[in-house]
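# Turn this into a structure:
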Amino acid sequence: MAGKRSILVWKVKLFAAFRISLAYAIVGCTALYSPPEVRKYVAYPSFSYMTATLIVWETTLGDTLCGTWHAFIGICLVAGASILSLWLVQLEHLNSILAALFVALGTFVVALLRFLPLLSKRIALCGLVLVYVGAAIEGPESGIVMRPLHIAASTALGAVASILAMLLPVPHLATLEVKNKCKSYEKNATLRMNLFMKVMITEESSEALELAAEAKTLGESAAKLMKNIQKCQDGVLWEVPHLRLTGRGYKQPSNSLKEVEVTLRGMEIAIAASRSQTPTDSIDQQVKDEMKAVAEQLTQKFAQIKTLLPFSAPTASYQNQKNDGENLLSLDIMQHLSMSFFLFCTKYLKRDSSSAVNKDDDYQKSLFVEDEKPGWGMRLKHWLPRHQDILLATKWSLSLGLAVFLGLTYDKNQGYWSGLAISISFATKRQATFSGANARAQGTALGSIYGILGYFVCHQFASLRLAFLLPWIIFTTFLRHSKSYGEAGGISAIIAAFVILGRVGYGRPSQFGIERMTEACIGLFCFLLVEVLLQPRRAATLSKKQVSLCFGVIKDFMEQFVAIKTTGLSQSHPPLEEAKRKMQKKTVTLKEFTREAMLEPNFWFKPFPSDNYALLLSSISRMVDLLSFTASAAELLSEELKKAGVARKDNTEQICIGIELFKGKMCSSLKYLQEETSTKPSSADQKQQEAGTSSNDIETGSPQGSKRFSITSADEEELENIINTFLQHSRELMKSRQVAENAEDRNKVLLCLGCIGFCMKSLVSETKEVGKVVKELSPRENS
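Below is the predicted model:
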């Protein structure tokens, strides 16, 4: 298994290296061997290499076409604005200070344009640096129109080379890539589902552990497949024009796969609970037979993953038919809540997926029910810059303007590189500042050294210099996915080597390499300086704040979910869907901040407790999944009870009251956790501070000490009683005449109630574990 995986990784990396090598070869041959008339216009081959790197690296034809369009937008924006500004200021009056001011002003405007894609902004920033720094260096000789025209031609060369690299020798299509990844995911999901089934019915603990470990490994592979599908699926719209014109007919495959992935994660949660709580030999044969029957049906269901693309060849359609001979599940299954939850997940996967996929569309439509045609005011508000956009634009303009000024002051002839070093790596999202700058600096140094060595080895033959770059391309392809360097370090390393070996007429390569490394370090220093001065918040502090926000949105979801006094058992509605998306978004943000905090240096701060935050992230993710299943089970339960004609009284009333009581206790505990992890003191803490009874931590502003971290023993006992009462009323409901008439409907109601009961127990357990971690973290962070 490991050998096959290694071979597959090498195959993917070599394939990507071949594509980018082909693009570089086209640029290099054009820059070195094309007629003088062509070389006169392609005056910036280094920028062509940069453009090809930003567009073609590990992409598909569709992504390359999209990147080419974005590069066209960015360079056209710069060319038009720079020609006008150079004509107004006159080239003979342009000095280093004016060039830096023009770059800073242009960067501010580009960063504020919210409709511009990130690639367009990077290309535009690089173009600004080349136009104004070149004008400051050469003066009137460069020409007002010709310099922007040369930069645009160099950009076009990089874009055309990228497209040709994706077409030759055979096109690398996003449609084919997504289709193959969906097939791989279908096999992966089928294997995982079968392994989960075996774990649930096996009686050997050692065998169960081996099967669970294998399923976990497959789960990691599934996460990578999902990431690749999400990366390639947008390129499909660029390869199939009619889908782009009629975008409503194309639904992204990842949206359908998310439903499958969440359900499989639910099965994994059920397995973990069953192995620790429920002995497998107590599960009756009837349930085992039901699981074996469901496994075959789910295999047919997973086969539909292959046909997620609208132009895929249809397979035998899966019919979710009612099984008149379906086994009547015993009420004893309520004693094994993990098995109830597992079977609910299987039933949830068996359902017609069209309703689940269309739920997102219905939610989006519900946002515009009151105003189907938003006016110009709403559209203008959408495009107006926000506070964070202004802050980002300010940081970009100051860092790039300062880098250009200092770069020109240090070495006027090589002043480009201080600005270009940071222009290609600007990001709209928050990134690991110090680790990213360190990776770019080391990547630039490595690439420059390799380029200098390559020049001395084969300086007499230009073709050999290009061939000498092939091993470096393969190496940087792996370097780009390493934790130490990442994308920023990989891009810097490959560009640094190519600007030395892929061009001529720049003097001694060793001197040029040293000058370029110095200029790049000047740019990175300016970037770090502005970042620290304008946004000094560390990722560790942001992670703690994000944990508090996660507890807050989980609490809000629970409060909205159990608003059932007038609407019956919880039903899906826009506010609940919005709260669900908010939970998932906050969890993803917490993961990003935690990963960044692990990479940033500590300096004089305390080390980041990565092990504790990993446990917090794991528990919070499970809580989000459990609440999603609870909402789905309650929605399905409401539909089944309505279909069975069960009035909302007696046992259903008691069930609702039990859920309300559970919500109240859980929301209270989540509120304590939210306040404890918050960077702002609560109202009670503020009163204590005014009375002089508490003190604040200088860095985080949170109160030292804590009154309560999690569920107390009294709360735990009360919650246990609430859950037991809920399960008792659920059994009584199952004995009612309306529910007991139909076997299939009865099984659905039974599994929905079992799912809710399991999620309630698991939420209590996860909250306790979170409380322990927060209690351990509090003295470490507040001391």
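# okay, CA-based contacts and neighbour counts for the rest of this
Fine.
# mind listing the helices for the stretch 601-750 of the chain?
Along the stretch 601-750 of the chain, counting by DSSP state H, counting those that start in this stretch, helices occupy 610-644, 651-677, 683-690, 713-734, 737-740, 743-782.
# ok, now the stretch 51-200 of the chain?
For the stretch 51-200 of the chain, the helices defined by DSSP H, counting those that start in this stretch occupy 61-89, 96-112, 118-138, 146-167, 174-201.
# Now tabulate the helices of the stretch 601-750 of the chain in JSON lines and tack on distance to residue 587.
JSON lines is the format used below for the helices of the stretch 601-750 of the chain (distance: least, C-alpha to C-alpha, whole Å):
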{"stretch": "helix 610-644", "distance to residue 587": "7"}
{"stretch": "helix 651-677", "distance to residue 587": "14"}
{"stretch": "helix 683-690", "distance to residue 587": "26"}
{"stretch": "helix 713-734", "distance to residue 587": "26"}
{"stretch": "helix 737-740", "distance to residue 587": "38"}
{"stretch": "helix 743-782", "distance to residue 587": "15"}
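# Including mean pLDDT and mean neighbour count, could these go into CSV?
Converted to CSV, those look like this (pLDDT from 0 to 100; neighbours: other C-alpha atoms under 10 Å):
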stretch, mean pLDDT, mean neighbour count
helix 610-644, 85, 19
helix 651-677, 82, 20
helix 683-690, 49, 13
helix 713-734, 79, 17
helix 737-740, 59, 17
helix 743-782, 82, 21
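# among the ones you listed, which is nearest residue 14?
helix 610-644 (33.5 Å; C-alpha to C-alpha).
# Which other helices and strands does the closest one contact?
helix 253-277, helix 539-561, helix 574-599, helix 737-740, helix 743-782 (3 or more C-alpha pairs under 8 Å, 6 or more residues apart in numbering; DSSP states H and E).
# again, 7 Å this time
Judged by 3 or more C-alpha pairs under 7 Å, 6 or more residues apart in numbering; DSSP states H and E, helix 610-644 is in contact with helix 574-599, helix 743-782.
# ok and it relative to helix 651-677, angle-wise?
160 degrees (axes from the mean of the first three to the mean of the last three C-alpha atoms, to 10 degrees).
# How far off centre is helix 610-644?
21 Å (C-alpha atoms, centre = their mean, to the nearest Å).
# i'd like the first residue to be 5 from this point on
Okay, using 5 as the starting number, the last item reads as helix 614-648.
# Next, the angle from it to helix 257-281.
100 degrees.
# Now do the same contact list for residue 69.
167, 242 (C-alpha atoms under 7 Å, 6 or more residues apart in numbering).
# wait, which of the helices of the stretch 55-204 of the chain is closest to residue 410?
Using C-alpha to C-alpha, those put helix 100-116 closest to residue 410, at 8.9 Å.
# thinking again about what came up before, who wins for proximity to residue 496 among the helices of the stretch 55-204 of the chain?
Residue 496 sits nearest to helix 122-142 of all the helices of the stretch 55-204 of the chain, at 14.1 Å, using C-alpha to C-alpha.
# got the angle between the closest one and helix 65-93?
40 degrees.
# And the contacts of helix 122-142?
Residues outside helix 122-142 that contact it (C-alpha under 7 Å, 6+ apart): 74-75, 77-79, 82, 95, 98-100, 103, 107, 111, 114-115, 146, 151-152, 155, 416-417, 419-420, 423-424, 427-428, 430.
# could you give the mean pLDDT of it?
If you average the pLDDT over helix 122-142, you get 88.
# again with stretch 238-255
Here the average pLDDT along stretch 238-255 is 70.
# again with stretch 205-217
79.
# C-alpha coordinates for it, PDB please?
Coordinates of each C-alpha in stretch 205-217 appear next as PDB, following Å, rounded to 0.1, in the frame of the first residue of the first chain:
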ATOM      1  CA  ILE A 205     -20.300  -6.500  13.800                       C
ATOM      2  CA  THR A 206     -17.000  -8.100  14.600                       C
ATOM      3  CA  GLU A 207     -16.500  -9.700  18.000                       C
ATOM      4  CA  GLU A 208     -12.700  -9.600  18.000                       C
ATOM      5  CA  SER A 209     -11.200  -6.500  19.600                       C
ATOM      6  CA  SER A 210      -7.900  -6.900  17.900                       C
ATOM      7  CA  GLU A 211      -9.500  -7.300  14.500                       C
ATOM      8  CA  ALA A 212     -11.700  -4.300  15.100                       C
ATOM      9  CA  LEU A 213      -8.700  -2.100  16.000                       C
ATOM     10  CA  GLU A 214      -6.900  -3.100  12.800                       C
ATOM     11  CA  LEU A 215     -10.000  -2.400  10.700                       C
ATOM     12  CA  ALA A 216     -10.500   1.000  12.400                       C
ATOM     13  CA  ALA A 217      -6.800   1.900  11.700                       C
END
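# buried ones in it?
205, 212, 215, 216 (16 or more other C-alpha atoms under 10 Å).
# Mind giving me the packing neighbours of the helix or strand containing the second one?
In this structure, residue 212 is located in helix 209-236 according to DSSP states H and E. In terms of contact count using 3+ C-alpha pairs under 7 Å, 6+ apart, helix 209-236 is assigned the packing partners helix 178-205, helix 257-281.
# Kindly report which one of these carries the lowest mean pLDDT.
Looking at the helices and strands packed on helix 209-236, the bottom one is helix 257-281 with a mean of 81.
# any idea of the angle that helix forms with helix 747-786?
Angle of helix 257-281 versus helix 747-786, following the same axes, to 10 degrees, is 80 degrees.
# Need the buried residues of stretch 205-217 in CSV (columns: distance to residue 406).
Formatted as CSV, the buried residues of stretch 205-217 follow (distance: C-alpha to C-alpha, whole Å):
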residue, distance to residue 406
205, 66
212, 61
215, 58
216, 55
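# out of the helices and strands packed on helix 209-236, deepest packed?
helix 178-205 (a mean of 21; mean count of other C-alpha atoms under 10 Å).
# next one: that helix to chain centre, how far?
Counting by C-alpha atoms, centre = their mean, helix 178-205 is centred 21 Å from the centre of its parent chain.
# Then stretch 175-195?
Here stretch 175-195 is found 20 Å from its chain centre; the criterion is C-alpha atoms, centre = their mean.
# How about stretch 218-232?
With C-alpha atoms, centre = their mean, you get 15 Å for stretch 218-232.
# quick one: buried residues of that stretch?
Neighbour-count burial for stretch 218-232 flags 219, 220, 222, 223, 225, 226, 229, 230, 232 (criterion: 16+ other C-alpha under 10 Å).
# Now do the fourth one against residue 599, distance only.
Distance check for residue 223 against residue 599: by C-alpha to C-alpha, to the nearest Å, it reads 20 Å.
# Repeat that for the last one.
Relative to residue 599, residue 232 is positioned 20 Å away (criterion: C-alpha to C-alpha).
# Am I right that residue 429 sits in a strand?
No: according to DSSP: H, G, I helix; E, B strand; the rest coil, residue 429 belongs to no strand; its state is coil.
# Need the phi and psi values for it.
Residue 429 adopts backbone torsions of phi -120, psi 10, taken as degrees, to the nearest 10.
# what's the helix or strand for residue 454?
Counting by DSSP H and E, residue 454 is part of helix 437-461.
# pLDDT of the following helix or strand past that helix, averaged?
Next helix or strand after helix 437-461 toward the C-terminus (DSSP H and E): helix 466-472. Throughout helix 466-472, pLDDT has a mean value of 71.
# Report the inter-axis angle for the very next helix or strand once past helix 466-472 versus helix 437-461.
Next helix or strand after helix 466-472 toward the C-terminus (DSSP H and E): helix 474-483. Going by the same axes, to 10 degrees, helix 474-483 is angled at 170 degrees with respect to helix 437-461.
# Next SSE downstream of helix 474-483?
helix 490-505.
# Which secondary structure elements does the following helix or strand past that following helix sit against?
Under the assignment DSSP H and E, the closest C-terminal helix or strand after helix 490-505 is helix 513-538. Applying 3+ C-alpha pairs under 7 Å, 6+ apart, one finds that helix 513-538 contacts helix 391-414, helix 420-427, helix 437-461.
# and helix 513-538, what's its mean pLDDT?
On average, helix 513-538 scores 81.
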